[in-house]
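Q: Sequence first, predicted coordinates after that:
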Amino acid sequence: MNKSELIDSVAGKTGVSKAKTAEVLDALMATVKESMAKSEPVQLIGFGTFEVTERAAREGRNPATGAAMKIAAKKVVKFKVGKALADVVAAAKPAKKK
């Protein structure tokens, strides 16, 4: 599902216009980004938690040459799924391949 499909689905379920739904979705994403930039976790009970963690510097290998290379430390966003979402996904029937 992409963003426009998500907007269509939410607008259909709530009866709110697609334009207003898009505005609310954009505000939600902006707020989550602002919290992530401050390294503050965003917890949505029943859905999951977004949090920023530090990935330590390490040594890796260039896959093309096999030469050793340094990989710098960086911040990454991690998502931990909530129990309610995990239960829904586990109970869902597998989708048919196209």
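A: Yep, that arrived.

Q: Residue 70 in helix, strand or coil?
A: What DSSP: H, G, I helix; E, B strand; the rest coil gives for residue 70 is strand.

Q: list the contacts for the spatially closest residue to it that is not a sequence neighbour?
A: Excluding the flanking residues, the one nearest residue 70 by C-beta to C-beta, 6 or more residues apart in numbering is residue 59, at 6.0 Å. Every residue, glycine included, has its C-beta placed from N, CA and C. By C-beta atoms under 8 Å, 6 or more residues apart in numbering, the contact set of residue 59 is 68, 69, 70, 71.

Q: Residue 59 and residue 21, how far apart?
A: Taking C-beta to C-beta, to the nearest Å as the measure, residue 59 falls 47 Å from residue 21.

Q: and if you look at residue 14?
A: Note on residue 14: its distance to residue 21, by C-beta to C-beta, is 7 Å.

Q: And these two? Which one has more around it.
A: The neighbour comparison of residue 14 against residue 21 (other C-beta atoms under 10 Å) goes to residue 21, with 20 against 11.

Q: and the one helix or strand residue 5 maps to, what other elements does it pack with?
A: Per DSSP states H and E, residue 5 falls inside helix 3-14. Applying 3 or more C-beta pairs under 8 Å, 6 or more residues apart in numbering; DSSP states H and E, we find helix 3-14 packed against helix 18-37.

Q: Next up, phi/psi of the residue nearest the centre of the chain, please.
A: Nearest residue to the geometric centre of the chain (C-alpha atoms, centre = their mean): residue 79, 6.4 Å. Dihedral pair for residue 79: phi -120, psi 130, per degrees, to the nearest 10.
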